[in-house]
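# Sequence and predicted structure are below.
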Amino acid sequence: MISVYITSYNKENYLGQAIESVLAQSLQSQDIVIVDDASSDSSRDIIGAYKSRYPHRINTIFNEQNLGISKTRNIALEQCKGDIVTFLDGDDMFYPNKLLSEYEVLSSQKHLSVVYSNFAYINPSDEKVGIFSENNDEPATGDILIETLLRHYHISSGNNYIYEMYYKNCALEIGNYDEDILLWEDWDFRIRMSTKYHYGYCQNVNSAYRKLNNGLHNSSPELHYREQIKIYKKNKHLILNLNKEVRELIHNRLYSQLKNLFIKISHVSLKEKKYISFLIDSIQFLFIFKMKKTLRFIISELS
């Protein structure tokens, strides 16, 4: 009934713990799909050993070349046998009641298609260093398109949720992950999911997100900027159906977030005398946001 997929790239130090955390669930999954994205460390051996121990539960796929996170997620989704799916990255872990507590929420309310949970932040030594939602928070539920566009879910940390549980047919309906997106693929996926489906929340701390220095979130500011711009342009039409006040809120919030990244890459372009790149980025930024303060900001960067 429930499938769990694990995607991993060079996570040999934590991969065994991630797999064990899925095997140790109080509610067992129908299958565990593990996709390794052409790791150069010992990940393949670790995955192979688990496959040997659990040949009927674990399905393994080894990409012959690095395909990136979006393609790898889609490969995993295609192999999931269950009608309900959740997932895990190779350097994080589930707590024992993750599947059970989320399934109870998802199955108890017919209007729900997706459930997300509270989670802990941990360091490389498994020590807890933070939490997604505090006890007095009221995380967003139901129609959360606006919150998803803003990436603001009414929780103390101000961060994004992780490892939601959803019906597989919902992902198929929206076209799974966009393989043209190299980073922030989960934001685009969740935008499209939240346009059609309602979300529930489980207050249990069900997962642990490990803060590492070599994760995708530490990619270059240029990559973060270009992929977020791509996603905003792709989904901008969804904002047109919202009322004027909400449209302005989303527009201004995303402008502020992307401006900070634009500043970083602009300084690099100007320092390295890449004036054409700066000009192209500036025109695109101006065209997207069409605000007087955008033009003033660009002029100030040139002066």
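Thanks, I have the structure now.

# alpha carbons only for contacts and neighbour counts from here, please
OK.

# where do the helices sit along the stretch 101-250 of the chain?
Assignment of helices within the stretch 101-250 of the chain using DSSP state H, counting those that start in this stretch yields the ranges 145-150, 168-174, 185-194, 221-235, 244-271.

# mind listing what's buried in the fourth one?
So that's helix 221-235. For helix 221-235, a neighbour-count test (16 or more other C-alpha atoms under 10 Å) marks Pro221, Leu223, His224, Tyr225, Arg226, Glu227, Gln228, Ile229, Lys230, Ile231, Tyr232 as buried.

# do the same with stretch 163-174
Buried residues in stretch 163-174, counted by 16+ other C-alpha under 10 Å: Tyr163, Glu164, Met165, Tyr166, Tyr167, Lys168, Cys170, Ala171, Ile174.

# ok, the fifth one touching Ile84?
Yes - with contacts defined as C-alpha atoms under 8 Å, Tyr167 counts as touching Ile84 at a distance of 4.4 Å.

# Can you get me a residue count around His237?
Residues contacting His237 under the criterion other C-alpha atoms under 10 Å number 10.

# distance of it from Ile263?
Distance, His237 to Ile263, by C-alpha to C-alpha, to the nearest Å: 26 Å.

# Check the offset of the top strand by length along the chain from the chain's centre.
Ranked by residue count under DSSP state E, the longest strand found in the chain is strand 198-210. Centroid displacement of strand 198-210 relative to its chain, using C-alpha atoms, centre = their mean, to the nearest Å, is 13 Å.

# Repeat that for stretch 153-167.
Taking C-alpha atoms, centre = their mean, one finds the center of stretch 153-167 at 9 Å from the center of the full chain.

# who's in contact with that stretch?
With C-alpha atoms under 8 Å, 6 or more residues apart in numbering as the test, stretch 153-167 has contacts from 83-88, 102-103, 106, 113-119, 131-134, 137-140, 147, 151-152, 207.

# And stretch 173-188, by the same measure?
68-71, 73-74, 148, 189, 192-193, 216, 223-224, 227-228, 230-231, 235.

# Gln25 reaches Asn97, doesn't it?
Yes - applying C-alpha under 8 Å as the test, Gln25 and Asn97 come out as touching, 6.0 Å apart.

# Looking at the two, which one has more neighbours?
Per other C-alpha under 10 Å, whichever of Gln25 and Asn97 has more neighbours is Asn97, with 19 against 16.

# Please look at that one and Gln203 and confirm they touch.
No - using C-alpha under 8 Å, Asn97 makes no contact with Gln203, being 12.0 Å away.

# residues near Ser42, how many?
By other C-alpha under 10 Å, the residues close to Ser42 number 13.

# got it, and Ile84?
As a burial measure, Ile84 scores 22 neighbours (other C-alpha under 10 Å).

# show me the residues around Ile75 that make contact.
Counting by C-alpha under 8 Å, 6+ apart, Ile75 makes contact with Val35.

# how about the closest residue to Cys80 other than its chain neighbours, secondary structure?
Once flanking residues are discounted, Cys80 sits nearest to Ser3: 5.6 Å by C-alpha to C-alpha, 6 or more residues apart in numbering. Ser3 falls in the strand class when you classify it by DSSP: H, G, I helix; E, B strand; the rest coil.

# I figured Ser3 hits Ser29, correct?
Yes - the criterion here is C-alpha under 8 Å, and Ser3 meets it with Ser29 at 5.5 Å.

# of the two, who's got more company?
Set Ser3 next to Ser29 and count neighbours by other C-alpha under 10 Å: Ser3 wins out with 24 against 20.

# Against Val114, how distant is the more buried one?
Ser3 is 14 Å from Val114, by C-alpha to C-alpha.
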